[in-house]
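S.K.: Everything below, folded, please.
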Amino acid sequence: MNDFQPIDAILSELEALQNLVTTQGERIEFLEIAQNTSGPRPAGGEGPPPGAPVDWQRMEQVDRARLWPQFVDWVLWLADRYETTNEQLPRECWNLHGGVVEELTALWTSRASAYQGEDDSGAAPYLWQDAWDRAIERINRRWISGSCRTGTHRDKDRKAWMSPEYREAVTSAGPPGASPPAAPPSASTEES
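M.R.: Residues are numbered from 1 along each chain as shown. Next comes the predicted model:
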């Protein structure tokens, strides 16, 4: 038996650990680089982690003011990265269409999730690409009018659903097939 065999075994284990530490360091560096363009990230340790859902409606004003510029930067990066045309995503007014902002926000957080995890087998980035294609189709089909594609924003001709008058009318009508509300008894029917 060689007197140096135990030392050789220890050196071999140390070398394996060093390789593991190096690999992990490279992964962390890669994730940090990917995270810089992948979605919402905390500034100074504040705010949601990358990939956390963003609900602009319920968000505190201070959080909205902090996240909106990051989101805008990401949308600009996305549009240039994917060579998006004005017909696909109108440069002049995408931010004026609530549904478009919601689609892009979902893509923003989804991309952060897809590119930050180590637990995935690698399918998440591919699935994100598919989500991007489907989102661009939905944006065009649902929210972008013809004039927006030519560089001039035009609001859709529609009535708001969230008006108090409309809500009251629908609520008082009751569900389909329901009997109309009973009329209060009149004085003549009470005496009979």
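
S.K.: The helix or strand that contains residue 78 - what's its average pLDDT?
M.R.: Using DSSP states H and E, residue 78 sits in helix 61-81. Per-region confidence: helix 61-81 scores 93 on mean pLDDT.

S.K.: That one packs against which elements?
M.R.: Packed against helix 61-81 by the contact rule (3 or more C-beta pairs under 8 Å, 6 or more residues apart in numbering; DSSP states H and E) you find helix 98-116. For glycine as for every other residue, the C-beta is placed from the backbone atoms N, C-alpha and C.

S.K.: buried sites along whichever helix or strand comes after the helix it packs on?
M.R.: Moving toward the C-terminus from helix 98-116, the first helix or strand encountered (DSSP H and E) is helix 123-138. Buried residues in helix 123-138, defined by neighbour count with 16 or more other C-beta atoms under 10 Å: 124, 128, 131-132, 135-136.

S.K.: and what of stretch 59-69?
M.R.: Residues of stretch 59-69 classed as buried under the neighbour-count rule (16+ other C-beta under 10 Å) are 59, 63, 66-67.

S.K.: tell me how far it is from the chain's mean position?
M.R.: Taking the mean of its C-alpha atoms, stretch 59-69 sits 15 Å from the chain's own mean (C-alpha atoms, centre = their mean, to the nearest Å).

S.K.: Kindly report the same for stretch 130-145.
M.R.: From the chain centre to the centre of stretch 130-145 is a distance of 14 Å (C-alpha atoms, centre = their mean).

S.K.: what about residue 13, helix or strand, and which?
M.R.: helix 5-35.

S.K.: Enumerate every residue touching residue 143.
M.R.: Residue 143 makes contacts with 97, 99-100, 103, as judged by C-beta atoms under 8 Å, 6 or more residues apart in numbering.
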